[in-house]
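Asker: What follows is a predicted structure for the sequence shown.
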Amino acid sequence: MDIQERFARTILNGFESYFADFQNITLAAKSRFENADWQGMQQVSRDRIDLYKHKTTHTLPFLELIAGEQINDLLFWRTVRDLYSQLIRGHNNFEIAETFFNSIFCAVFKHRNIRNDYAFVFSPLGDMPPSDISKVYRTFRPEQGMAQMFTELLNTYAMNLPYEDVERDVANIIDVIERVVRPGFNLDRAGVELQVLEHHFFRNKAAYIVGRLVSGGDTLPVVLPILHNEQGQVFVDTVLFGSDRCSVIFSFTRSYFLVDASIPSQYVLFLQTLMPAKPISEIYSAMGYNKHGKTYYHRCAYRHITSTTDEFIIAPGIKGMVMSVFTLPSYEFVFKIIKDRFTPPKDMTEEQVKDKYSLVKRWDRVGRMADTQEFKNLAFARDRFSDELMEELRRVAPSKLEERGKALIIKHVYVERRMTPLNLYLQNATDEQVAAVMDEYGNAIKQLAAANIFPGDMLLKNFGVTRHGRVVFYDYDEIVPLLDCNFREIPEPRNEYEEMASQPWYNVAPNDIFPEEFRLFFSGNQRARKVFDAIHSDIYQASFWRDIQDKIRNGFVDDFFPYRRKLRFERDTSLTAGRA
């Protein structure tokens, strides 16, 4: 066996080790759910994200030993790539194995020389394995009616915990079907069936059963969230029908699921039938394969950019003090570059900003912080950048640019889904929209706090509105763990001099926060402030924040529902405690 083959097999072994450990972490999720080990669930979710870097770092010394100086020879890598491609031909998860190879290559060459000759910029085997999705779902049929079918479903997906009241849960599901589904979806055809992915999806404090109703050529996504009660029982919290509600469950603003999928592409392709508008890259990421989600995203982005002619432009909205943001009008993503010098009064380093983005990647984003993909040495066609944008980038971030012939290399950039900045959304919003979006804004702040995140700068421009009307935070340079903050009331002035002072006359530590000052975030938009004050004025009270800190210190993990609370089923727990 020659050096190149040993080298290729060592990379594949590294991948197999990563995938096995990934699966082991995931397989334990059901037991953690059954044991109500919510803090453990949060910790292993972070551990699983860190696992990828750990495995690539662990594999690299073996490769250096095998290859010696040849590890820096691109011709050596060309041969290794061809051998690796042969090794993974027919592999159930070849696409993720290719991404692992790419990560090793980038670690050696510091994200330079990334060409399809040496790495898998594009796959010779295709973007997706030819997966048979029929192998990963169970089928249920209403042979004795819908109630019988959903009873069978819940019994099949039962935990090692009793249901609180399975008859009530089924009755609630049937009620929604009769009121909401049946008027627009034909359930009376012969051959109607329910196809459900074989394993639960676990995240935060919930387990989700995910499937689709099939009637003739029509399909309807269906999701059932399963929650714990305080008596060691489980219950169906609601039933969600339709692509939009399913898409919110798998949103790019939420932490990754733990789901037992030995061939992830089968699950991805099934989920894509439920959410045809959601990029496949985001579905991979939602299942915890965020590195491959990044690979898939890059391939799709390249194809979109090379098939269009519009120019990259400065993103609409108020310019940031830390980031320069640009976008392509025909594309639903934005690109964020850290400036070389931050606009005063921002006083922090580039590494601190990167640390904030890394924190967000590993944290429970609770549906309120956008996931990002981080790229180094990302190449663009220089002539696609508007003159205004190039002038801006050369002025604020020249160290991040490298112009090489017709190419513009951006040395470090974050990519995230484009949203409408909240301040711009409010400009043309109706009174009804203002009321809804300001309630969302307040809920976003409160849910971030419950997840031990203090956003810092809560200006309206730092939040975006998604196509589903959810408000999401996307400016991370000032976020800190909530427990690191000291929330205080502003002291009463003791005399006229203190009352008229233009600067604080009391001591202020770096971590002191005065919630009474949050009203300043609404300067210039009194209509929004009036609505906000009517429904979320508790945010201005230091005691509100201290109460949340006390809960977190006591180990409490909050529920974060990826659906409207009004959709939750009503439960009379006084009558159901102890019933199976």
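Answerer: Received the coordinates, thanks. Residues are numbered from 1 along each chain as shown.
Asker: I'd say residue 400 and residue 335 touch.
Answerer: No: the criterion here is C-beta atoms under 8 Å, and residue 400 misses it with residue 335 at 11.0 Å. Glycine gets a C-beta too; all of them are placed from N, C-alpha and C.
Asker: And these two? Which one has more around it.
Answerer: residue 335 (23 against 18; other C-beta atoms under 10 Å).
Asker: residues near the closest residue to residue 55 other than its chain neighbours, how many?
Answerer: In this structure, residue 55 finds its nearest non-sequential neighbour in residue 18, 3.9 Å apart by C-beta to C-beta, 6 or more residues apart in numbering. When neighbours are defined as other C-beta under 10 Å, residue 18 has 22 of them.
Asker: contacting residues for residue 104?
Answerer: Going by C-beta atoms under 8 Å, 6 or more residues apart in numbering, residue 104 touches 11, 14, 56, 59, 60, 63.
Asker: was I right about residue 210 contacting residue 196?
Answerer: Yes: Residue 210 sits in contact with residue 196 when judged by C-beta under 8 Å, with a separation of 7.0 Å.
Asker: Now stretch 209-217: average pLDDT?
Answerer: What stretch 209-217 shows for mean pLDDT is 95.
Asker: Going by length in residues, pull out the top helix of the chain.
Answerer: As far as residue count goes, and with DSSP state H defining each element, the longest helix of the chain is helix 38-67.
Asker: mean confidence for it?
Answerer: Helix 38-67 shows a mean pLDDT of 96.
Asker: between the very next helix or strand once past it and helix 38-67, how big is the angle?
Answerer: The helix or strand immediately downstream of helix 38-67 is helix 74-87, counting by DSSP states H and E. Angular relation of helix 74-87 and helix 38-67 on a 0 to 180 degree scale: 120 degrees, by axes from the mean of the first three to the mean of the last three C-alpha atoms, to 10 degrees.
Asker: Quick check: chain neighbours aside, which residue is closest to residue 47?
Answerer: For residue 47, ignoring the flanking residues on the chain, the nearest one in space by C-beta to C-beta, 6+ apart is residue 25 at 6.5 Å.
Asker: Just the buried residues of stretch 415-432, please?
Answerer: By 16 or more other C-beta atoms under 10 Å, the buried positions in stretch 415-432 come out as 415-426, 429.
Asker: How about stretch 451-470?
Answerer: For stretch 451-470, the neighbour count (16+ other C-beta under 10 Å) marks 451-466, 470 as buried.
Asker: which residues touch residue 56?
Answerer: Residues 14, 18, 100, 103, 104, 107 are the ones in contact with residue 56 under the rule C-beta under 8 Å, 6+ apart.
Asker: quick one: the helices in the stretch 301-450 of the chain?
Answerer: Here the stretch 301-450 of the chain has its helices, by DSSP state H, counting those that start in this stretch, at 350-362, 387-396, 422-427, 431-450.
Asker: Make JSON lines out of the ones you listed and add mean pLDDT.
Answerer: Below are the helices of the stretch 301-450 of the chain laid out as JSON lines (pLDDT from 0 to 100):
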{"stretch": "helix 350-362", "mean pLDDT": "94"}
{"stretch": "helix 387-396", "mean pLDDT": "97"}
{"stretch": "helix 422-427", "mean pLDDT": "94"}
{"stretch": "helix 431-450", "mean pLDDT": "96"}
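Asker: quick revisit: need the per-residue pLDDT for the residue nearest to residue 55.
Answerer: Residue 18 is assigned a pLDDT of 98 by the prediction.
Asker: what are the phi and psi angles of it?
Answerer: phi -60, psi -50 (degrees, to the nearest 10).
Asker: is it true that residue 475 lies in a strand?
Answerer: No: when classified by DSSP: H, G, I helix; E, B strand; the rest coil, residue 475 is found to be coil rather than part of a strand.
Asker: burial of it, as a residue count?
Answerer: Residue 475 sits with 25 neighbouring residues when counted by other C-beta under 10 Å.
Asker: ok, residue 126 to residue 89 distance?
Answerer: With distances taken as C-beta to C-beta, to the nearest Å, residue 126 is found 11 Å from residue 89.
Asker: again, but for residue 323
Answerer: From residue 323 across to residue 89, the span is 42 Å (C-beta to C-beta).
Asker: So, low pLDDT: which residues of the stretch 1-150 of the chain?
Answerer: Across the stretch 1-150 of the chain, the stretches falling below the confidence threshold (pLDDT under 70) are 1.
Asker: Sorry, slip of the keys, the one I care about is the stretch 401-550 of the chain.
Answerer: Screening the stretch 401-550 of the chain residue by residue with the criterion pLDDT under 70, one finds the ranges 498.
Asker: re the thing from before, quick one: contacts for the residue nearest to residue 47?
Answerer: Going by C-beta under 8 Å, 6+ apart, the list of residues near residue 25 reads 44, 47, 48, 51, 258.
Asker: Looking at residue 323 and residue 89 now, which is surrounded by more residues?
Answerer: It is residue 323, of residue 323 and residue 89, that has more neighbours when counted by other C-beta under 10 Å, with 23 against 10.
Asker: Quick check, the more buried one in contact with residue 343.
Answerer: No: with contact taken as C-beta under 8 Å, residue 323 and residue 343 are classed as non-touching, separated by 10.3 Å.
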